[in-house]
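# pasted the sequence and its predicted model underneath.
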Amino acid sequence: MTAAVFCIILLLAGFGVLSSWEVAAATPETGTFHLKKYVDVEQTSEATGQQEDSDNPSGSLYGKEVVPGVVYEIYQTHSLGNTGLIELENGPVAILDNGEPYKTDANGEINITGLPLGQYMFKEISAPEGIQVSNQEYFFALPYTVGNDPEQLYEIYVYPKNEWQETGSLSFTKVGDNGKDGLENVRFAVFHEDGSAVKDTDGNDLTVTTGLNGSATIEELLTGKYYLLETENPDTEYITDSTTKYWFEIYNEISGVKARAFYTDASMENKIKDADGKALEDGTIINYKKPSIYVSKVNTAGSELTGAILTIYEADAAGKATETIAKDKDGKELTWETTGSPQDITGIPAGTYILREEVVPRGYYVAYDILFTVNEDGTVTKDSATGDIDGNTIIMTDLKYGEVMPEWVALAIGKTVTGTAGDQDKEFTFTVELTYEDGEEVTEEFFYDGSKTGTIKSGESVKLKHGELIKIYNIPLDVEYTVTESDNEGYEVDPGKNAEGTIDEIGRNVQFTNHKDKSGSVDNNNDGKTPAVRPQTYSKGSTTTRNSTKTDDTTPLMLYSILLIAGMGIVGFLLYRKRGKA
């Protein structure tokens with residue numbers, strides 16, 4: 001047989017596609033493998049029956065489209081011995097391209113030279129999106145013979161063909177929890193079964209937004225399994241469900257490409273159900289309304305109050321009120337006058353807020369601000385020690401004049417007197433000044449109790465003696481206070497004449513300690529006990545004279561003793577002289 005090229009056609013099982021093989025003469029030591037990948041532009045499944053190149057206008061591959069980027073596994077399964085094919089001792093050996101599986105180049109080709117003689121297997125493992133991957137395993141041998149012709153051929157050409165993967169579409173409707181009202185402008189992201197984002201024609205993550213009556217359609221989805229995730233819902237009355245995966249499938253059927261939706265997982269066995277446990281109709285997604293949120297303004301008896309003006313402010317990261325007033329679902333600022341029933345603020349966006357009483361009803365103290373958070377699911381949590389939450393109702397309580405709630409103590413003032421001369425029965429005067437952050441004086445009157453009971457407002461005073469303490473209630477948060485003590489002449493005062501600070505949720509505690517010792521004594525231990533008397537010394541410039549009798553100065557006593565002894569001696573001497581003369 002001459003060295004002319006022999007052409008053969010092998011039928012390869014896989015989607016019913018006939019692939020073409022071309023064999024040419026080669027050296028007897030190694031073999032060469034050529035592969036050219038193409039798809040049928042007309043999307044037919046007929047075999048070409050020819051081996052011509054797709055660039056040849058007269059060949060049956062002309063008009064077909066080559067496919068770059070198709071990845072193949074290629075293995076040698078047997079070697080060639082004297083008696084024929086021999087199974088490899090350690091199993092199949094991968095044929096790699098610089099350590100990686102072979103991939104068709106820009107011309108849709110794979111070319112491998114210098115292959116050891118033996119038997120090989122190749123199989124597609126991935127292809128660009130839109131190309132249907134064949135899972136069929138194909139085998140070839142080097143060298144190759146055709147029919148009964150004894151001539152061995154060492155160069156093989158393979159032209160495997162694939163179909164374009166078919167596409168379908170998904171249409172669905174987003175409705176409210178009444179099952180009727182379509183929700184517009186709700187946005188969804190689309191994901192593959194493996195969690196990767198589906199891309200649009202520009203390479204961006206694919207999203208779809210519901211239109212009129214809540215309807216939406218996703219076109220040209222390849223067959224396979226997907227899921228939707230809700231990412232945005234502008235209607236703040238409804239929960240944005242960003243966790244539920246709405247699974248659907250695009251699949252082939254005899255009558256064409258179909259879609260089925262929505263399921264709880266990729267098994268596509270369990271339909272998603274509504275709140276009553278009923279399976280939803282195909283292509284229906286329900287959005288549930290957030291629970292209603294109310295603000296209740298009450299007195300300590302729980303009765304709703306009228307005439308209070310309340311405002312909700314957006315809070316910053318530190319939990320402090322900003323100047324921005326929160327808005328309801330219709331864009332209206334949330335500030336209102338109480339009318340004797342709870343205020344509905346349902347639809348306020350998720351976030352952190354401050355509820356503040358701007359105007360207090362007559363006869364009541366101003367309530368503390370309440371810091372609260374509206375969660376994504378519409379539930380409410382309280383973030384401050386003040387206020388109460390009952391279900392999804394925020395409760396702000398006003399105190400009548402004279403009423404006391406100990407947990408609302410805002411400022412405590414206490415008095416201690418020490419020292420040997422400290423008068424623990426003396427009353428000292430304490431003046432309280434209260435101003436807002438902007439310097440404006442607080443004009444409200446506040447109740448106090450403890451050692452004494454009464455009311456006080458900025459600029460007024462209260463008298464306290466040793467061991468007494470008063471607790472002033474319900475001063476608003478962030479009010480700046482100054483407490484000044486007077487009537488304390490001759491005392492050492494700690495912390496000084498004034499004590500200053502800002503009211504916070506914990507409450508402020510101001511303790512004044514006055515210390516005074518008797519003249520000439522020092523309370524070294526500051527414990528109020530009389531110290532031991534210490535010897536005094538004369539110093540230069542002292543106004544004390546030496547003739548002053550001091551219990552701790554022995555000099556005059558010695559002088560008197562000497563003079564007394566001398567005087568007695570003189571008297572004795574004179575008596576002796578007189579007796580001698582007689």
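On my side now, so go ahead.

# for Asn82, give its distance to Leu117.
12 Å (C-beta to C-beta, to the nearest Å). C-beta coordinates here come from the backbone N, C-alpha and C atoms, glycine included.

# I meant to write Leu96 there.
Distance from Leu96 to Leu117, by C-beta to C-beta: 19 Å.

# next one: phi and psi at Gly214?
phi 80, psi 10 (degrees, to the nearest 10).

# quick one: the strands in the stretch 151-300 of the chain, in order.
155-159, 161-162, 167-176, 187-192, 207-209, 215-222, 224-232, 246-253, 256-263, 284-287, 294-299 (DSSP state E, counting those that start in this stretch).

# still on that earlier bit, who has more neighbours, Leu96 and Leu117?
Leu117 (19 against 11; other C-beta atoms under 10 Å).

# pLDDT wise, what is the more buried one at?
According to the per-residue confidence, Leu117 scores 92 in pLDDT.

# got a list of what it touches?
Glu29, Thr30, Gly31, Ser79, Leu80, Leu142, Pro143, Tyr154 (C-beta atoms under 8 Å, 6 or more residues apart in numbering).

# ok, Asp241 next?
Glu230, Asn287, Tyr288.

# for these, give me CSV that also has neighbour count, pLDDT and distance to Glu89.
What follows is these, written out as CSV (neighbours: other C-beta atoms under 10 Å; pLDDT from 0 to 100; distance: C-beta to C-beta, whole Å):
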residue, neighbour count, pLDDT, distance to Glu89
Glu230, 21, 93, 57
Asn287, 22, 81, 63
Tyr288, 14, 82, 64
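
# among those residues, which one lies nearest to Asp276?
Tyr288 (11.9 Å; C-beta to C-beta).

# okay, and for this protein, where does confidence drop off?
1-28, 40-64, 146-147, 162-165, 179-180, 253-256, 402-408, 505-506, 520-563, 571-582 (pLDDT under 70).

# care to break it down by domain?
Domains of the chain are assigned by automatic domain parsing as 6-162, 167-287, 294-398, 406-515.

# quick check: the gap between Asn204 and Lys273.
Taking C-beta to C-beta, one finds Asn204 at 33 Å from Lys273.

# more neighbours, the two?
Legend: neighbour count by other C-beta under 10 Å for Asn204 and Lys273, higher for Lys273 (12 against 9).

# burial check on the spatially closest residue to the more buried one that is not a sequence neighbour, number of neighbours?
Distances taken as C-beta to C-beta, 6 or more residues apart in numbering place Ala279 nearest to Lys273, at 5.4 Å, with adjacent residues excluded. Ala279 has 13 neighbouring residues, counting by other C-beta under 10 Å.

# Lys320 versus Ala279, what's the distance?
Applying C-beta to C-beta to Ala279 and Lys320 gives a distance of 48 Å.

# got it, and Leu212?
For Leu212, the distance to Lys320 (C-beta to C-beta) stands at 43 Å.

# swap in Thr418?
Thr418 is 40 Å from Lys320, by C-beta to C-beta.

# kindly report the same for Thr210.
The value you get for Thr210 to Lys320, if C-beta to C-beta is used, is 38 Å.

# neighbour-wise, which of those two wins?
Remark: of Thr210 and Lys320, Thr210 carries more neighbours, 22 against 13, as counted by other C-beta under 10 Å.

# go ahead and confirm that one touches Gly182.
Yes: Thr210 is within contact range of Gly182, at 7.4 Å (criterion: C-beta atoms under 8 Å).

# okay, and the common contacts of the two?
The contact lists of Thr210 and Gly182 share Thr173, Lys174, where a contact means C-beta under 8 Å, 6+ apart.

# rewinding a little: now distance to Ser169 and secondary structure too, for the contacts of Leu117, in JSON lines please.
Listed next are these as JSON lines, based on distance: C-beta to C-beta, whole Å; DSSP: H, G, I helix; E, B strand; the rest coil:
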{"residue": "Glu29", "distance to Ser169": "55", "secondary structure": "coil"}
{"residue": "Thr30", "distance to Ser169": "51", "secondary structure": "strand"}
{"residue": "Gly31", "distance to Ser169": "47", "secondary structure": "strand"}
{"residue": "Ser79", "distance to Ser169": "51", "secondary structure": "strand"}
{"residue": "Leu80", "distance to Ser169": "52", "secondary structure": "strand"}
{"residue": "Leu142", "distance to Ser169": "47", "secondary structure": "strand"}
{"residue": "Pro143", "distance to Ser169": "51", "secondary structure": "coil"}
{"residue": "Tyr154", "distance to Ser169": "50", "secondary structure": "coil"}
